[in-house]
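Colleague: this one's structure only:
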C-alpha cells in the first residue's frame, strides 16, 4: 500500500512538471520573442487553476509531447518504486575504511600493523626502569 501511495505521489509530482514544461513550450511557440514574465506567470496560473481543462486540451489536440512524457513518467515512477529498498539495513559500513557509524573494538591487526611491537607490561616496565638507571639524577 505504501509503495502504491509513493508511486501515485511521484507520478503526480512529475506530471505537474511535465504540464508546466509543455505549457512553457507552447507559450514560447505562440509568443516567440515577445514572451514576458507576466505572460509566463499568467499561463502557469491558468494551468494551476484549471489543470483538468489543460490535460483535456492536450489530449484533444493529440499533443505527442504530452503522451510521450506521460508514458515515460509512468515507467519512471514505477521503476523508482521497484528499485527502492523497502527496509533499510542501517548504515552500510565499509569495513576497511569506516568513518561513520563505525564504533567498534579494534582488531589486533589494526593495532599491531608493523609500526608497534607487542610487549608485555612487565617487559615495558623493566625497559623503562633500565633506561632510568643510566640517567644522571642531580
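Modeller: Looks like it came in fine. Keep in mind that what you see is a predicted model, and the values were worked out from it rather than measured.

Colleague: Tell me who's in contact with the residue nearest in space to the middle of the chain.
Modeller: Residue closest to the average C-alpha location in the chain (CA atoms, centre = their mean): residue 84, at 11.6 Å. Residues near residue 84 by CB atoms under 8 Å, 6 or more residues apart in numbering: 3, 6. For glycine as for every other residue, the C-beta is placed from the backbone atoms N, C-alpha and C.

Colleague: how close does it get to residue 9?
Modeller: In this view, residue 84 and residue 9 are 13 Å apart by CB to CB, to the nearest Å.

Colleague: what's the distance between the worst-scoring helix or strand of the chain on mean pLDDT and the middle of its chain?
Modeller: Of all helical and strand segments in the chain, the minimum by mean pLDDT, DSSP states H and E falls on helix 108-111, at a mean of 72. Chain-centre distance of helix 108-111: 35 Å, with CA atoms, centre = their mean, to the nearest Å.

Colleague: contacts for that helix?
Modeller: Contacts for helix 108-111 (CB under 8 Å, 6+ apart): none.

Colleague: Look at residue 119 and tell me its secondary structure.
Modeller: Classification of residue 119 by DSSP: H, G, I helix; E, B strand; the rest coil places it in coil.

Colleague: Could you give the backbone dihedrals for it?
Modeller: In terms of degrees, to the nearest 10, the main-chain angles of residue 119 are phi -130, psi 160.

Colleague: Work out for me the element the closest residue to it other than its chain neighbours sits within.
Modeller: In space, and not counting its chain neighbours, residue 119 is closest to residue 127: 7.8 Å by CB to CB, 6 or more residues apart in numbering. In this structure, residue 127 is located in helix 121-133 according to DSSP states H and E.
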